[in-house]
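Visitor: Please find the sequence and the predicted model below.
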2 protein chains.
Amino acid sequence: MGRVKQFKVEDALAKATDVFWHKGFEAASLSDLTEEMGIQRPSLYDTFGSKAELYRDALMAYQAGARAQLEQLLAEGATPVDSLRRFLSTAIPNSVNDRKGCFCVNASIETASHEAEIQEVLQKHFAQVQTLLARYVSAGQAAGEISLDLSPMDAAGYLLTLIHGLHVTARTTADPAILTARAECGLSALLP
Amino acid sequence: MGRVKQFKVEDALAKATDVFWHKGFEAASLSDLTEEMGIQRPSLYDTFGSKAELYRDALMAYQAGARAQLEQLLAEGATPVDSLRRFLSTAIPNSVNDRKGCFCVNASIETASHEAEIQEVLQKHFAQVQTLLARYVSAGQAAGEISLDLSPMDAAGYLLTLIHGLHVTARTTADPAILTARAECGLSALLP
DNA sequence: ACTATAATATACCGAAGAGTACAGAAAAGT
DNA sequence: ACTTTTCTGTACTCTTCGGTATATTATAGT
């Protein structure tokens, strides 16, 4: 009973994700959000509660999508090391205008220190990605492609830190060749 | 002739740096700034021009200080590799409440993509730090401590990316031991 | 068709945002 | 001492912020 929603919640959330992703929390105004989402202000509050909650939901939606994409991307690698190399490559912008970076890195810098809940959301996501990567590290070790010096989880954590660094570097370094070289250098730490 | 300034410009700038450093550009209001700087609003505009210019000045002041500190820190290392290890350690918070991270990393994420001038300021600073690090890489290579596979500048650039990643990771990872392990793993990429 | 219910749209709220006009206060030159 | 110049402090501007009250519209069950 009652009137039905004139918009798809997940579509609106996806649009909100885009806005927060490349403007950040503070710089994204409600007008920016409602305009991009194509809904009115009260609809936003009725559906998502507040700007802060919308931000959290948007971040979580982004993370879920990123993990799904990552799983697929890793599976496509010819070898475990190739999979990990592909992972690192996702931090390298191929066109000039996909300079949004990684929403999780942005959130880590802008909001993690102030907002405990966001910090938790990020920690959980990173832990899941780490576990995902660790499987490939482990497979690489079994195949003799990767050194046995580190545990798979430690190596995976290191790769996470490395890709974070690539995302930061990409903000001021346009040349993909430089970024690729740095990724390759970082990856070499895992080779036997 | 005329009235003399009631405050020291560099002191006020240092205070402004603190505010921007741990709040970011958007989240730092003029009230935050003037209160912390201990000056009135018109004095701020008269001396620094605008919030954006103050931000740029604050960032540059931070960079100059950071480079001076870095130069000293690197010189204190027992060996070139030890110096580089100390460099990476600066990204690891020793107390619970120095979670401001690195102003340059914050600026890279929050403002570099929107503001061309800030991007330039960051690029120049990072280039200088890279050059500084490259000297120690070179010395390490001469001493046989560091692999000859990479050019000093490439290796230095990689270290820069690595420390960026450490700064991001530190936002959601409290344990210094984990960060140290990741730094060590990253550093191992340069060893022979 | 009627009614209860839920979503929409318009218009608004007080608060806080960045930036400034203007008058008073202090220092330097004469 | 007086004038000129520069800085300071109060109070203001206009705009935009996040969030909401209210009235209207559309749907589902009866």
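Guide: Received, thanks. Residues are numbered from 1 along each chain as shown, chains lettered A, B, ... in the order given.

Visitor: rest of the way, CA atoms for contacts and neighbours
Guide: Will do.

Visitor: Okay, residue A:104 and residue B:141: tell me how far apart.
Guide: Taken as Cα to Cα, to the nearest Å, the spacing of residue A:104 relative to residue B:141 amounts to 36 Å.

Visitor: Kindly report the same for residue A:183.
Guide: When Cα to Cα is applied, the distance between residue A:183 and residue B:141 equals 21 Å.

Visitor: what about chain A, any weak spots by pLDDT?
Guide: Residue ranges of chain A with pLDDT under 70: A:95-97.

Visitor: Spatially, what comes nearest to the residue of it found nearest chain B if we skip its sequence neighbours?
Guide: Proximity to chain B, evaluated over chain A using Cα to the nearest Cα, is greatest for residue A:165 at 3.5 Å. If the residues on either side of it in the chain are set aside, residue A:165 comes closest to residue B:165, at 3.5 Å by Cα to Cα, 6 or more residues apart in numbering or on different chains.

Visitor: next one: residue A:91
Guide: Closest residue to residue A:91 in three dimensions, ignoring its sequence neighbours and counting by Cα to Cα, 6+ apart: residue A:167, at 5.5 Å.

Visitor: Please name the residues that touch that neighbour.
Guide: Contact analysis of residue A:167 by Cα atoms under 8 Å, 6 or more residues apart in numbering or on different chains lists A:91-92, A:101-102, A:105.

Visitor: Over to residue A:184?
Guide: For residue A:184, the contacting residues are residue A:85, taking Cα under 8 Å, 6+ apart as the criterion.

Visitor: before we move on, which element is it in?
Guide: In this structure, residue A:184 is located in helix A:176-187 according to DSSP states H and E.

Visitor: In three-state terms, how would residue A:2 be classified?
Guide: Assigned with DSSP: H, G, I helix; E, B strand; the rest coil, residue A:2 falls in the coil class.

Visitor: hmm, back to that, now the contacts of residue A:167 as CSV including secondary structure?
Guide: As requested, those are exported to CSV (three-state DSSP):
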residue, secondary structure
A:91, coil
A:92, coil
A:101, coil
A:102, coil
A:105, helix
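
Visitor: Widest-spaced pair of those?
Guide: A:92 and A:105 (13.9 Å; Cα to Cα).

Visitor: Up against chain B, what does chain A have?
Guide: Taking Cα under 8 Å from any Cα of the partner chain, the part of chain A that reaches chain B is made up of A:24, A:26-27, A:99-100, A:105-106, A:108-110, A:112-113, A:119-120, A:122-123, A:154-155, A:157-158, A:161-166, A:168-169, A:171-173, A:182, A:185-190.

Visitor: repeat that for 6 Å
Guide: Taking Cα under 6 Å from any Cα of the partner chain as the criterion, chain A approaches chain B at residues A:108, A:119, A:158, A:161-162, A:164-166, A:169, A:171-172, A:182, A:188-189.

Visitor: of those, closest to residue B:48?
Guide: The shortest approach to residue B:48 among those belongs to residue A:172, at 25.2 Å (Cα to Cα).

Visitor: so who does that closest one touch?
Guide: Applying Cα atoms under 6 Å, 6 or more residues apart in numbering or on different chains to residue A:172 gives the contacts residue B:119.
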